[in-house]
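J.: Can you look at this prediction? I've put the sequence above it.
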Amino acid sequence: MKKALLIGLPNVGKSTIFRRLIARKVKTTTYPGSTVEVSRGVLRIEGEEFEIIDIPGVYNLFFSADNENVARNLLIDETPDLVIQVADAKNLQRSLVLTSLLAECGIPLVLVLNMVDEAAQKGIKVRRHKLEEILGTAVNETVASEGVGIASVSAGLGNARPPSSPSKMPAAIADAVRGLVGLVVDKPVPGWGARALALFSLAGDKATSRWAQQKSAIHGDQVARQIMEDARRSFSMSLDLVISRANDIRAEAWYSESVQIRRVTSIPVLNRIGDLTLTPVTGSLILFILLTALYFTVGKFAAGTLVDLLEDGVFHGTIGPHLKTVVALIPIAWVRELIVGEYGLYTMALVPVLSLVLPVIVVFFLAFGFVEDSGYIPRLSILLDRLFRKIGLNGKAVLPIVLGFSCITMATISTRVLDSKRERFIAIFLLSLGVPCSAKLSLILVILAQVSFAAFLAVFGVVFVITVTSGVILNKLMPAEPSPFIMEIPQVRVPSMRNVISKTAYRSWMFLREASPLFIISALSLFLMEKIGALAVVEKFAAPVVGSGWGLPPQFAESLILGFIRGEAGIAVLKKMVDAGTMDHLQLVVAMIVTILFIPCVTNLMIIIKEQGAKKALAILVLVTACALATGCIMNQLFRWLHFTF
């Protein structure tokens with residue numbers, strides 16, 4: 001079976017093409033030694049099989065960021081037979097720089113020009129046949145969101161050739177590469193792999209260069225060391241800049257020969273809308289409209305109408321009574337309680353997952369996928385850059401923060417896109433403090449839907465103010481020069497329902513697979529703690545804070561305990577308390593604020609330790625807990641002093 005590595009810059013539609021090529025049996029795993037997810041699938045073309053390997057986007061291959069590390073390892077260790085490079089047709093020159101690097105390595109290549117429809121709207125026409133002639137390898141055009149051109153990509157995999165365009169490398173670099181390749185040629189490295197390792201040895205950062213020398217078995221070789229030293233002395237700047245400049249020049253020449261640009265006399269409606277999202281006034285108005293639409297779609301329809309239909313009509317009205325009738329036949333009392341009791345598996349696991357969380361989370365993922373596929377999120381990054389500067393971040397941090405509303409754990413990992421350790425610490429702290437994941441948020445909306453819009457505004461208004469204030473304080477305590485913010489703005493487009501539904505189905509299934517066992521564990525934990533009297537002990541121990549400070553019933557401690565195991569499991573306990581009428585609306589608002597601000601779940605805590613180390617993770621844990629404790633006490637007293645009832 002042949003292997004093909006799917007590579008490209010971020011946001012060029014690479015994963016969409018992967019999903020179009022591979023209709024089923026996609027295997028997604030974390031690459032060993034990293035947190036980078038690699039997807040694999042098999043494509044059959046006229047009796048021949050290709051394993052397609054998809055990795056996150058990369059801008060270059062010379063540095064030691066996780067994505068680049070994984071891409072280089074796959075190139076050398078997996079020895080793919082070809083590379084499928086996906087490029088954005090409307091921003092082609094940037095992708096051609098990566099093409100030039102792949103050409104220098106001599107890797108068999110198929111170039112895919114995606115989003116040609118959006119390029120045409122901007123008056124950009126890529127002369128595909130001319131580019132094929134220049135490169136000497138297959139070039140295909142696609143509109144991946146619509147499935148256009150995917151068949152030609154599949155058919156063209158057999159025509160992959162190493163690009164034959166003449167190199168623009170300075171003579172000293174070319175001589176050094178040839179010299180290093182001569183030392184590598186007898187080692188167990190594929191033909192083009194030796195040239196790739198030679199380039200990485202010369203131009204990579206220290207970690208990359210060391211890795212390449214070890215892979216090619218020239219680390220410590222005196223001849224290799226002399227070749228590299230001679231090359232470095234030939235230039236006044238670092239070799240990575242020399243090689244990058246050479247690739248830039250070649251990419252610019254390819255672009256000028258193969259791309260025609262005409263003046264666009266009319267601006268499509270979607271382009272006008274895209275421009276409006278970037279201006280402060282209209283952009284803020286569009287954001288407000290979007291958030292309002294999300295509130296009514298997710299907070300009212302899903303968390304109200306849909307949940308009521310499933311919870312009251314299906315589970316409590318139909319399944320519950322029949323199940324209790326059957327369970328009543330079981331002679332052992334504790335088994336009956338374990339199934340349908342107050343802390344039973346049906347009550348605390350099955351019903352919360354299927355009737356409370358799942359319907360809301362499916363609607364949320366649909367809405368999130370729609371916004372994501374429209375190209376709006378990068379524009380939101382530009383719009384909020386100034387605000388994020390106030391809290392020590394930049395617009396690039398919008399991506400992890402927005403992702404946090406889907407999954408806090410993945411958002412914590414995604415903070416690696418930020419440029420400094422300081423920014424990553426601030427972002428992870430703010431994610432842990434004030435961003436509820438989709439499953440947790442879904443149950444919060446279910447509960448608040450039973451109260452009032454004022455309660456919704458109070459909960460999220462307080463959380464927003466506390467989160468922003470914390471960011472401002474951290475920015476003052478950890479001063480640093482602001483990092484540059486460069487982001488490619490995609491075209492605004494009508495979302496593909498196939499893509500949105502596909503993402504929603506995958507994310508919903510992943511939630512069920514991950515959350516269901518934890519809900520069961522939570523139910524069993526509560527059942528056991530109740531039987532041995534541990535719940536009473538916990539409630540008594542927490543009473544001074546929970547009762548006197550927050551003004552909440554002692555049972556609220558159960559919610560916080562389970563929330564550490566799984567956030568939404570803790571709120572499921574809170575939902576049970578609300579249904580039982582043990583809290584009034586004021587108490588509920590305070591409980592929601594504390595729940596959102598409280599420590600992250602154990603899964604996310606483990607990731608924080610991995611990303612930040614034990615000391616910083618402990619600092620985040622202590623600060624977040626202190627903030628939740630203090631805010632709960634202050635808001636309880638303030639609301640009562642102002643006589644708020646919600």
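T.: Cool, got the structure.
J.: Identify all contacting residues around the longest strand along the chain.
T.: For the chain, the strand with the greatest residue count under DSSP state E is strand 37-45. Applying Cβ atoms under 8 Å, 6 or more residues apart in numbering, the contact partners of strand 37-45 are 1, 4, 15, 18, 21-22, 24-31, 49-56, 70, 74, 154-155, 157-158. For glycine as for every other residue, the C-beta is placed from the backbone atoms N, C-alpha and C.
J.: which stretches of the protein form strands?
T.: Using DSSP E, strands in the chain cover 2-8, 27-30, 37-45, 48-54, 82-88, 109-114, 124-126, 138-141, 259-261.
J.: I'd like the ones you listed laid out as TSV, including mean neighbour count and mean pLDDT.
T.: Converted to TSV, these look like this (neighbours: other Cβ atoms under 10 Å; pLDDT from 0 to 100):
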stretch	mean neighbour count	mean pLDDT
strand 2-8	22	90
strand 27-30	11	71
strand 37-45	17	84
strand 48-54	19	88
strand 82-88	25	92
strand 109-114	25	93
strand 124-126	18	91
strand 138-141	22	92
strand 259-261	13	89
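J.: can I get these in a markdown table with distance to residue 283?
T.: Converted to a markdown table, the strands of the chain look like this (distance: least, Cβ to Cβ, whole Å):
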| stretch | distance to residue 283 |
| --- | --- |
| strand 2-8 | 28 |
| strand 27-30 | 34 |
| strand 37-45 | 32 |
| strand 48-54 | 33 |
| strand 82-88 | 23 |
| strand 109-114 | 27 |
| strand 124-126 | 25 |
| strand 138-141 | 32 |
| strand 259-261 | 28 |
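J.: separation between residue 319 and residue 309?
T.: 13 Å (Cβ to Cβ, to the nearest Å).
J.: what does residue 641 give?
T.: Computed as Cβ to Cβ, the residue 641 to residue 309 distance reads 40 Å.
J.: and if you look at residue 594?
T.: 30 Å.
J.: same deal with residue 60?
T.: 52 Å.
J.: Can you give me the neighbour number for residue 257?
T.: Around residue 257 there are 12 other residues, counting by other Cβ atoms under 10 Å.
J.: and what of residue 422?
T.: Neighbour count for residue 422, taken as other Cβ under 10 Å: 17.
J.: same check, this time on residue 375
T.: Neighbour tally, residue 375, other Cβ under 10 Å: 19.
J.: Likewise for the one 4 residues further on?
T.: Residue 379 has 25 neighbours, counted by other Cβ under 10 Å.
J.: Show the contacting residues for residue 577.
T.: With Cβ under 8 Å, 6+ apart, residue 577 has these contacts: 553, 555, 556, 559, 583.
J.: repeat for residue 417
T.: 396, 399, 400.
J.: One more: residue 406?
T.: Counting by Cβ under 8 Å, 6+ apart, residue 406 touches 365, 368, 437, 438, 507.
J.: can you check residue 415 too?
T.: Each residue near residue 415 by Cβ under 8 Å, 6+ apart is listed here: 397, 400, 423, 424, 427, 428, 431, 611.
J.: Mark which of those residues are buried, thanks.
T.: Buried subset of those (neighbour count, 16 or more other Cβ atoms under 10 Å): 397, 400, 423, 424, 427, 428, 431, 611.
J.: Could you point out which of the residues you listed is nearest to residue 357?
T.: Ranked by distance to residue 357 (Cβ to Cβ), these are led by residue 431 at 20.2 Å.
J.: thinking the closest one is in contact with residue 404, fair?
T.: Yes: Residue 431 is within contact range of residue 404, at 4.8 Å (criterion: Cβ atoms under 8 Å).
J.: which residues do those two both contact?
T.: Counting by Cβ under 8 Å, 6+ apart, the shared contacts of residue 431 and residue 404 are residue 411.
J.: quick one: the longest strand of the chain to strand 48-54, angle?
T.: 160 degrees (axes from the mean of the first three to the mean of the last three Cα atoms, to 10 degrees).
J.: tell me the domain ranges of this structure?
T.: With domains defined by automatic domain parsing, the chain comprises 2-159, 171-234, 280-482+496-641.
J.: can I get these in a markdown table with distance to residue 245?
T.: Output for the domains of the chain, formatted as a markdown table (distance: least, Cβ to Cβ, whole Å):
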| stretch | distance to residue 245 |
| --- | --- |
| domain 2-159 | 10 |
| domain 171-234 | 11 |
| domain 280-482+496-641 | 22 |
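J.: among those domains, which is nearest residue 260?
T.: Of all those, domain 2-159 sits nearest to residue 260, with 4.6 Å by Cβ to Cβ.
J.: Work out the gap between that closest one and the centre of the chain.
T.: When C-alpha coordinates are averaged (Cα atoms, centre = their mean, to the nearest Å), domain 2-159 and its chain have centres 20 Å apart.
J.: re the thing from before, who's more crowded, residue 594 and residue 309?
T.: When residue 594 and residue 309 are compared for neighbours, residue 594 comes out ahead with 25 against 13, by other Cβ under 10 Å.
J.: Please give me every residue in contact with the spatially closest residue to the more buried one that is not a sequence neighbour.
T.: Using Cβ to Cβ, 6 or more residues apart in numbering and skipping the chain neighbours, the partner closest in space to residue 594 is residue 632 (4.1 Å). Neighbouring residues of residue 632 by Cβ under 8 Å, 6+ apart: 549, 550, 590, 593, 594, 597.
J.: One more: residue 504?
T.: Residue 504 makes contact with 362, 365, 366, 369, according to Cβ under 8 Å, 6+ apart.
J.: Tell me if I'm right that the second one and residue 509 touch.
T.: The reference is to residue 365. No: counting by Cβ under 8 Å, residue 365 sits too far from residue 509 to count as a contact (10.5 Å).
J.: Neighbour count: the two, which is higher?
T.: Neighbour count, other Cβ under 10 Å: between residue 365 and residue 509, residue 365 has more, with 23 against 10.
J.: how close does the more buried one sit to residue 517?
T.: Counting by Cβ to Cβ - residue 365 and residue 517 are separated by 20 Å.
J.: ok, back up a step: would you turn the contacts of residue 504 into CSV with distance to residue 179 and pLDDT?
T.: Converted to CSV, the contacts of residue 504 look like this (distance: Cβ to Cβ, whole Å; pLDDT from 0 to 100):
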residue, distance to residue 179, pLDDT
362, 59, 86
365, 54, 83
366, 57, 89
369, 51, 86
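J.: closest to residue 109 among these?
T.: Within these, distances to residue 109 taken as Cβ to Cβ reach their minimum at residue 369, with 31.5 Å.
J.: Can you tell me the closest non-neighbouring residue to that closest one?
T.: Closest residue to residue 369 apart from its sequence neighbours, by Cβ to Cβ, 6+ apart: residue 500 at 3.9 Å.
J.: For residue 27, see how far away the nearest residue to residue 571 once chain neighbours are set aside is.
T.: Among residues not flanking residue 571 along the chain, residue 443 sits closest, at 4.1 Å (Cβ to Cβ, 6+ apart). Distance from residue 443 to residue 27, counting by Cβ to Cβ: 32 Å.
J.: Also residue 551?
T.: Distance from residue 551 to residue 27, by Cβ to Cβ: 51 Å.
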